[in-house]
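**Student:** From the sequence below, what's the structure:
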Amino acid sequence: MNGRRILVVDDEPEIQRFLRLALSAAGFEPIAAVTGAETLKALVNKAPDAIVLDLGLPDRDGKDVLRDIRSFSQVPVVILSARDREAEKIEALDLGADDYVEKPFGIGELMARLRTALRHAAPATPQQARFEIGGLVVDTERRQISRDGEAIRLTPKEYDLLLALVRRAGRVITHRQILNEVWGPAHNDDTQYLRVFIGQLRAKVEREPSAPVIILTEPGVGYRIVERGGS
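**Tutor:** Numbering: from 1, shown residues only. Sure, this is the predicted structure:
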């Protein structure tokens, strides 16, 4: 992880100074941009490994900058913004952001989200066939699910939903992204439908479905499954 170049896009000098020190202490190489134009120029000329992007930039809305980034690059982007409306988060994630952290923020949380985004951007490896998350084991080759050594029976849609989550472990996935992948574009707005299936899935995979620790809710935005352990 050390030596990775992180582009911090923010027009607040205090944030820039704070993140420069924190990123350097964590072994990263921070670089700075203040405007959308500087961001796109730095992306081309300095080839950052990830971007921490504020949405309130002086020349352009950060979502428009994100849209431009995604038109030619899949560099990991973690949004860091004071905008806390659910619609803003959902739009940024649907535009291709890897994660979203609200200001004021804890540096530990931001670093964890950044490390997860960088892991998912690692060079492609053969599709992982086995996932282990908090006692839950998902074997995609055999289509077998177990928890604490006991087999779990899932319906085909429950299995597809679980697979969509574990393949992005550690990342938030919006309602629309999940619905589109598992049920198709015709169901993009069926969030209540998705909520029912999440409840059914938690009842089978969580030790305490009423206090889930594997499938977590991002209120108003979507769901996140905890980062997997094991291989």
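**Student:** what about Pro13, neighbour count?
**Tutor:** 10 (other Cβ atoms under 10 Å). Glycine gets a C-beta too; all of them are placed from N, C-alpha and C.
**Student:** Glu208 now?
**Tutor:** For Glu208, using other Cβ under 10 Å, the count is 8.
**Student:** Kindly report the same for Val65.
**Tutor:** 27.
**Student:** Is it located within a helix, as I assumed?
**Tutor:** Yes - applying DSSP: H, G, I helix; E, B strand; the rest coil, one finds Val65 inside a helix.
**Student:** Just to confirm, which residue in this protein is farthest away from the center?
**Tutor:** In the chain, counting by Cα atoms, centre = their mean, Glu150 sits farthest out from the average C-alpha position, at 29.7 Å.
**Student:** where's that residue relative to Ile215, distance?
**Tutor:** 18 Å (Cβ to Cβ, to the nearest Å).
**Student:** check which helix or strand covers Val137.
**Tutor:** In this assignment (DSSP states H and E), Val137 forms part of strand 136-139.
**Student:** Following element in sequence after that strand, please.
**Tutor:** Next element after strand 136-139 (DSSP H and E): strand 144-147.
**Student:** List of residues touching that next one?
**Tutor:** 135-139, 151-154, 159, 162, 205, 207 (Cβ atoms under 8 Å, 6 or more residues apart in numbering).
**Student:** filter those to the buried ones?
**Tutor:** For those, a neighbour count by 16 or more other Cβ atoms under 10 Å gives the buried set as 135-138, 152, 154, 159, 162, 205.
**Student:** and the residue nearest the centre of the chain, what does it touch?
**Tutor:** Closest residue to the average C-alpha location of the chain: Arg171 at 2.9 Å, with Cα atoms, centre = their mean. When contacts are counted by Cβ under 8 Å, 6+ apart, Arg171 touches 98-99, 116-117, 120, 224.
**Student:** ok, now Leu93?
**Tutor:** Counting by Cβ under 8 Å, 6+ apart, Leu93 has contacts 99-100, 172-174, 177, 221-222.
**Student:** what comes up buried for the helix or strand that contains it?
**Tutor:** Element membership for Leu93 (DSSP H and E) is helix 86-94. Going by neighbour count (16+ other Cβ under 10 Å), the buried part of helix 86-94 is 88-93.
**Student:** so where do the helices sit in this protein?
**Tutor:** 13-25, 36-46, 62-70, 86-94, 107-120, 156-166, 175-182, 191-205 (DSSP state H).
**Student:** Same list (the ones you listed) but as TSV, adding mean pLDDT.
**Tutor:** Converted to TSV, these look like this (pLDDT from 0 to 100):
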stretch	mean pLDDT
helix 13-25	95
helix 36-46	93
helix 62-70	93
helix 86-94	87
helix 107-120	88
helix 156-166	90
helix 175-182	88
helix 191-205	93
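**Student:** How is this protein partitioned into domains?
**Tutor:** Annotated domains of the chain cover 5-120, 130-225 [automatic domain parsing].
**Student:** got the end-to-end distance for the shortest one?
**Tutor:** This points to domain 130-225. Its first and final residues considered, domain 130-225 spans 15 Å by Cα to Cα, to the nearest Å.
**Student:** centre of the chain versus it, how much separation?
**Tutor:** 15 Å (Cα atoms, centre = their mean, to the nearest Å).
**Student:** Then the longest one?
**Tutor:** Distance, stretch centre to chain centre, for domain 5-120: 13 Å (Cα atoms, centre = their mean).
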